[in-house]
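S.K.: Provide a 3D model corresponding to the input given below.
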Amino acid sequence: MSTRRTRRTRDERGSISIWMVTASFVMIVLVGLAVDLGGQVQAKERAHDIAAEAARTGGEQVQAAPAIEGQYLAVDTTAAKKAAEDYLAASGVTGTVTITGGNTIMADVTDVYDPKFLSIIGVGNLTVTSSAAARLIRSLGGSER
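M.R.: I've put the predicted structure just below:
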């Protein structure tokens, strides 16, 4: 009986080490997913904030004369596009700015998130994109005119 018990003990030696290595690897991957996917979400929120601010910056460029005279409200397209593109460049992201209808500025932003943990297992840079628009309106007494 004692020989049989000794053999079984020797056959199981090291099995806890394999289990610990496997469990540790799985935990690192799970922590990596939580950290890096959370970082990607934060990068997407940042991209959206930058797009919204770029559109607002462009929206501040109004054709002054007709606005002051109360005739109509329109964006100075050249100045608005340049102001929004300058904002994107200063923020360190790439993007495009389009102006439609003479009163709507659209900013599309592309940025990259560099994973901290997942790069260990071969996951490369994660691209994030976002867009935002700002529309110039004329209001009188709280209602759009």
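S.K.: run through the residues that contact Val123.
M.R.: Asp36, Pro115 (Cβ atoms under 8 Å, 6 or more residues apart in numbering). In this view, the C-beta of every residue, glycine as well, is placed from N, C-alpha and C.
S.K.: quick one: secondary structure of it?
M.R.: Assigned with DSSP: H, G, I helix; E, B strand; the rest coil, Val123 falls in the coil class.
S.K.: ok, it to Glu53 distance?
M.R.: Using Cβ to Cβ, to the nearest Å, Val123 is found at 30 Å from Glu53.
S.K.: Val75: how many residues sit nearby?
M.R.: Look at Val75: counted by other Cβ atoms under 10 Å, it has 24 neighbours.
S.K.: and it, what does it touch?
M.R.: Contact analysis of Val75 by Cβ under 8 Å, 6+ apart lists Gly58, Gly59, Gln61, Val62, Gln63, Ile99, Gly102, Asn103, Ile105, Leu136.
S.K.: of all these, which comes closest to Thr78?
M.R.: Distance to Thr78 across those (Cβ to Cβ) is lowest for Gln61, with 8.4 Å.
S.K.: narrow the contacts of Val75 to those in strands?
M.R.: Assignment to strands by DSSP state E places the following of these there: Ile99, Ile105.
S.K.: which among the contacts of Val75 end up buried?
M.R.: Among those, those buried by neighbour count (16 or more other Cβ atoms under 10 Å) are Gly58, Gly59, Gln61, Val62, Gln63, Ile99, Asn103, Ile105, Leu136.
S.K.: wait, what's in contact with the residue nearest the centre of the chain?
M.R.: Nearest to the geometric centre of the chain sits Lys44, at 1.5 Å (Cα atoms, centre = their mean). Lys44 is in contact with Val128, Thr129, Ser130, counting by Cβ under 8 Å, 6+ apart.
S.K.: lowest confidence element among the helices and strands of the chain?
M.R.: One helix or strand of the chain scores below all others by mean pLDDT, DSSP states H and E: helix 2-11, with a mean of 55.
S.K.: where do the strands sit along this structure?
M.R.: For the chain, applying DSSP E gives strands covering 94-100, 104-113, 126-135, 139-140, 143-144.
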